[in-house]
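Q: Predicted structure and sequence below. I'll ask about it afterward.
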Amino acid sequence: MQNRMTTAATAERETMTERLYRALRLLDHIPHDLIALVARLSIAAVFWQSGQTKVDGWHVTDNAVYLFQTEYKLPFVDPWIAAHIAAFSEHFFPVMLVIGLASRLSALALLGMTLVIEIFVYPDAWPTHGTWATCFLVIIAGGPGRIALDHLIAKRFGRVLS
């Protein structure tokens, strides 16, 4: 009698385990196109919003330059130049990510910017920067997905983007 109960419990547990495994396997079917699109749009928004704090219309603000002089203090780069490069990069590359044009290059550029921020400006913010880096690495390693101009261009020229 005890043997039958143990066997029934084991069979039920295996069934539960199999059900859980099958449910988890459904997650394997989330398309990369969706993951890449979410990564592109979300990280683009982060950098776009940061870029917006550095400009007034088409001009880099004095406050942005001041931050590069006092708080950011990048080595080897004049604060005025750094503020202008940052403002440009935080607007140009996010737009490229949103439309999916030169996505891997844009993600690589912003990953480089993230590394500079992590190393020279806010080294204690590694959890945030790690999250940003993950979004960039999804795009760099897996491509922008099919919901991107990169995909349409590659398709037009008979190339396959992975």
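A: Structure's in. What do you need? Numbering: from 1, shown residues only.
Q: which residues touch the spatially most central residue of the chain?
A: By CA atoms, centre = their mean, the chain has its centre lying nearest to Cys135, at 2.1 Å. Residues in contact with Cys135 (CB atoms under 8 Å, 6 or more residues apart in numbering) are 39-40, 42-43, 107. In short, each C-beta sits where N, CA and C put it, glycine included.
Q: one more time with 7 Å, if that's ok
A: Contact partners of Cys135, counting by CB atoms under 7 Å, 6 or more residues apart in numbering, are 39, 42-43.
Q: can you check Ile99 too?
A: Per CB under 7 Å, 6+ apart, neighbours of Ile99: Leu149.
Q: That one and Asn63: what is the separation?
A: To Asn63, Ile99 is 29 Å away according to CB to CB, to the nearest Å.
Q: And for Leu115?
A: 24 Å.
Q: Looking at these two, which is more packed in?
A: The neighbour count for Leu115 versus Asn63, taken as other CB atoms under 10 Å, is higher for Leu115 (14 against 11).
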